[in-house]
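J.: Would you be able to build a 3D model of this:
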Amino acid sequence: MGAAPLLRASGVRKSFGATQALKGVDFELRAGEVHALLGPNGAGKSTLVKVLAGAHRPDAGTLTLDGRELGRLGPGAAHAAGIETMLQQTALIPELSVAENIALGRRVGRGGLVDWRAVRRDGAAALAALGLELRLEQPVGELSIADQRAVELARALSRRCSVLILDEPTATLGAREAQVLLRQVRRTAAEGVGVIYVSHHLDEVLAVADRATVVRDGRVVELLELRGERTVQAGDLVRAMLGREVVVAAPPERVGDTGAIALEARSLTVGRRLRDVSLTLRRGEIVGLFGAVGAGQSTLARVLSGQTRPGAGSVAVDGAPLRARTPRQALRRGIALVPEDRLRSGLVPAFDVAENIQLSARALSRGVLARRRLSEARRWVGDLGVQPADPTLPVAALSGGNQQKVVFAKAVASGGRVLMLEEPTAGVDVGAKQEIRALVGRLAGDGAAVAIVSTEPEEVLAMCHRIVVLRKGSVVAELEREQASRQALTELATGAEAGR
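T.: Got it, this is the predicted structure:
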């Protein structure tokens with residue numbers, strides 16, 4: 001791998017009103033390397049990525065690619081220059097085949113006619129470069145999310161991109177699917193592509209990246225060689241990101257009246273997605289609903305919160321039957337959901353932070369006054385460390401991690417006493433994870449019943465008193481935290497020994 005930079009950003013500055021997001025950032029990417037971009041929420045990572053991808057124009061500074069200054073870079077110009085971006089949400093057309101999705105954005109054929117032989121040939125070559133064995137004619141909507149991510153990587157390769165920006169690429173994947181994607185990222189770099197890897201998963205960064213640039217408060221604070229003679233550990237990355245040591249909170253102890261049953265579900269069934277599942281949640285208890293992607297834990301949470309109607313089974317809250325047909329009806333009984341997809345299901349991007357926090361049936365029905373709404377929002381913004389700490393800002397102006405905090409605050413502010421939290425710390429930095437975990441522990445200590453829906457064994461081990469494991473829509477095990485381990489959970493969730 002040569003030392004000459006493929007992509008260089010020099011002295012990049014970007015402001016949004018009075019907020020300086022980037023304060024003279026320098027960044028270099030080499031051909032054939034995986035370069036991690038790290039930093040706490042609100043540090044400027046997302047803004048820098050958008051500048052490099054042409055989505056934001058910098059106020060000052062220069063961008064060069066292969067020694068050529070890029071000038072006024074927009075998304076179209078970035079694409080034409082060979083810069084591809086893969087976001088957290090897939091950018092595929094479900095009804096089109098694998099081959100057709102790989103060919104999207106390229107002109108294949110002449111005179112307005114598509115050369116289908118070339119489409120299949122190029123698709124096969126892109127899949128082969130990543131070691132993928134997928135049927136070219138299969139609609140991508142039928143693929144697993146992991147395979148869909150792989151198709152996006154193949155498409156980037158087929159476009160002959162020189163720079164690939166990956167923004168939290170494993171956010172929707174389980175542990176095993178994430179490992180497969182990391183191998184494909186390394187193969188992409190081996191093809192000579194420079195890869196910018198944005199992630200809060202430090203174990204992934206250490207496994208896949210060659211170097212790491214750490215951004216804090218709009219400035220580059222450290223450049224780390226991850227494949228050098230000195231061994232870099234996760235603690236080194238955390239200290240660089242936050243500028244301080246992070247004390248990892250111990251799993252919360254059971255407190256409060258854990259004998260009181262808050263919610264009881266019996267024999268819930270939803271087609272093939274959920275099969276005869278029963279569950280009990282008690283006050284003061286945090287229960288993990290763990291499994292691989294699509295195992296049924298998200299469906300269970302959505303049934304309990306009124307998002308999905310079961311085909312069979314019953315639910316009771318505080319001993320009284322729950323017949324919630326809508327999320328609003330469930331919320332009136334004190335059941336609140338923090339959805340995994342914050343942008344589509346958790347927020348109204350056009351509203352400000354305060355409006356989003358108070359956007360619940362209970363708050364709106366009480367006619368919350370603007371002054372009280374703002375005061376409550378300021379309290380939640382402070383408790384969760386939302387940055388910038390201004391509840392009047394549009395929520396769309398926040399980074400992904402800070403948006404997640406707002407969704408979390410919205411659910412808690414609604415008065416929910418039974419909380420369904422889908423991947424509650426996904427996309428937030430290590431400091432924010434500890435803050436959210438501590439808050440969940442406090443809520444349980446105050447008597448809330450909490451269910452954590454996750455595909456991450458570390459998440460449920462760190463947060464939960466009891467862990468329910470699902471596989472293919474059924475409960476396969478229920479463990480106390482003291483009985484559980486990463487290996488045991490992985491084996492139960494996959495039905496095979498981990499690593500086979």
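J.: Report the separation between residue 103 and residue 118.
T.: 8 Å (CB to CB, to the nearest Å). For glycine as for every other residue, the C-beta is placed from the backbone atoms N, C-alpha and C.
J.: same check, this time on residue 458
T.: Residue 458 is 45 Å from residue 118, by CB to CB.
J.: Can you check the pLDDT for residue 96?
T.: At residue 96, the model reports a pLDDT of 92.
J.: For it, give me its contacts.
T.: Residue 96 sits next to 104, 139-140 when contact means CB atoms under 8 Å, 6 or more residues apart in numbering.
J.: Could you identify the buried members of those residues?
T.: Burial by neighbour count, judged by 16 or more other CB atoms under 10 Å, picks out 139-140 from the contacts of residue 96.
J.: Next, residue 158: phi, psi?
T.: Residue 158 adopts backbone torsions of phi -70, psi -20, taken as degrees, to the nearest 10.
J.: Quick check: it touching residue 121?
T.: No - using CB atoms under 8 Å, residue 158 makes no contact with residue 121, being 10.4 Å away.
J.: Comparing those two, which residue is more hemmed in?
T.: Per other CB atoms under 10 Å, whichever of residue 158 and residue 121 has more neighbours is residue 158, with 22 against 14.
J.: need the contact list for that one.
T.: Per CB under 8 Å, 6+ apart, neighbours of residue 158: 102-103, 106, 122-123, 125-126.
J.: So which one of the residues you listed is the model least confident about?
T.: Lowest confidence among the contacts of residue 158: residue 106, with 70.
J.: Does residue 49 touch residue 197 like I think?
T.: No - with contact defined as CB under 8 Å, residue 49 does not count as touching residue 197 (10.6 Å).
J.: And the helices in the stretch 51-200 of the chain?
T.: 75-81, 98-103, 116-129, 145-158, 175-190 (DSSP state H, counting those that start in this stretch).
J.: okay, these, which one's buried deepest?
T.: helix 98-103 (a mean of 26; mean count of other CB atoms under 10 Å).
J.: Model confidence at the nearest residue to residue 428 once chain neighbours are set aside, what's the number?
T.: Leaving aside its sequence neighbours, residue 428 sits nearest to residue 401 (CB to CB, 6 or more residues apart in numbering; 3.9 Å). Per-residue confidence (pLDDT) for residue 401: 70.
J.: Repeat that for residue 360.
T.: The model's pLDDT for residue 360 equals 66.
J.: Equivalent analysis for residue 279, please.
T.: 96.
J.: try residue 85
T.: 90.
J.: And it, how close does it get to residue 392?
T.: 30 Å.
J.: Residue 396: neighbour count?
T.: Neighbour number of residue 396 under other CB under 10 Å is 13.
J.: right, I mislabeled it, should have said residue 63
T.: Using other CB under 10 Å, residue 63 has 22 other residues around it.
J.: Kindly state the pLDDT recorded for it?
T.: Confidence score, pLDDT, at residue 63: 95.
J.: beta partners of it?
T.: residue 9 (DSSP bridges).
J.: list the contacts for it?
T.: Contacts of residue 63 (CB under 8 Å, 6+ apart): 7-10, 12, 51-52, 69-70, 73.
J.: mind redoing it with 10 Å?
T.: 7-10, 12, 27, 51-52, 54, 69-71, 73, 78, 81, 83 (CB atoms under 10 Å, 6 or more residues apart in numbering).
J.: Also residue 406?
T.: So residue 406 contacts 342, 346-347, 351-354, 356-357, 359, 377, 380-381, 384, 386, 391, 395, 398 (CB under 10 Å, 6+ apart).
J.: so residue 383 touches residue 432, yeah?
T.: No - here residue 383 does not reach residue 432: they are 11.8 Å apart, not a contact under CB atoms under 10 Å.
J.: Next, show the common contact partners of the two.
T.: 405, 408.
J.: Do me a favour and average the pLDDT over stretch 149-165.
T.: On average, stretch 149-165 scores 88.
J.: Report the distance from it to the chain centre.
T.: Stretch 149-165 sits 20 Å away from the centroid of its parent chain (CA atoms, centre = their mean, to the nearest Å).
J.: And stretch 171-179, by the same measure?
T.: 11 Å.
J.: Let's see that stretch as PDB, backbone CA atoms only.
T.: Extracted in PDB, the C-alpha atoms of stretch 171-179 (Å, rounded to 0.1, in the frame of the first residue of the first chain):
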ATOM      1  CA  ALA A 171     -26.100  -1.300  12.200                       C
ATOM      2  CA  THR A 172     -28.800  -3.600  11.000                       C
ATOM      3  CA  LEU A 173     -26.800  -6.800  11.200                       C
ATOM      4  CA  GLY A 174     -26.400  -9.500  13.800                       C
ATOM      5  CA  ALA A 175     -23.000 -10.500  15.100                       C
ATOM      6  CA  ARG A 176     -22.400 -13.300  12.500                       C
ATOM      7  CA  GLU A 177     -23.700 -11.200   9.600                       C
ATOM      8  CA  ALA A 178     -21.400  -8.400  10.700                       C
ATOM      9  CA  GLN A 179     -18.300 -10.600  10.600                       C
END
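J.: any low-confidence regions in the stretch 151-300 of the chain?
T.: Counting by pLDDT under 70, the stretch 151-300 of the chain contains low-confidence ranges at 245-259.
J.: Quick check: residue 493 vs residue 215, distance?
T.: 35 Å.
J.: Please name the residues that touch the residue nearest to residue 428.
T.: 40-43, 45-46, 168, 200, 342, 385-387, 425-429, 431-433.
J.: in this structure, which residue is closest to the centre?
T.: Closest residue to the average C-alpha location of the chain: residue 171 at 3.6 Å, with CA atoms, centre = their mean.
J.: Excluding residues flanking it in the chain, which one is nearest it?
T.: residue 88 (4.7 Å).
J.: got it, and residue 410?
T.: residue 357 is the one closest to residue 410 (CB to CB, 6+ apart), at 5.0 Å.
J.: again, but for residue 411
T.: That would be residue 336: by CB to CB, 6+ apart, it lies 4.1 Å from residue 411.
J.: Could you give the backbone dihedrals for the one you found?
T.: Torsion angles at residue 336 (phi, psi; degrees, to the nearest 10) stand at phi -120, psi 150.
J.: so it makes contact with residue 422?
T.: No - applying CB under 10 Å, one finds residue 336 not in contact with residue 422, separated by 11.5 Å.
J.: Quickly list what's touching both of those two.
T.: What both residue 336 and residue 422 touch, as defined by CB under 10 Å, 6+ apart, is the set residue 305.
J.: how much space between the nearest residue to residue 260 once chain neighbours are set aside and residue 317?
T.: Leaving aside its sequence neighbours, residue 260 sits nearest to residue 283 (CB to CB, 6+ apart; 4.4 Å). Residue 283 is 12 Å from residue 317, where distance means CB to CB.
J.: one step back: which of the contacts of residue 158 sit farthest apart?
T.: 106 and 125 (12.9 Å; CB to CB).
J.: Please enumerate the strands of the stretch 251-400 of the chain.
T.: 261-270, 274-282, 286-290, 312-317, 320-321, 335-338 (DSSP state E, counting those that start in this stretch).
J.: Thanks a lot, see you next time.
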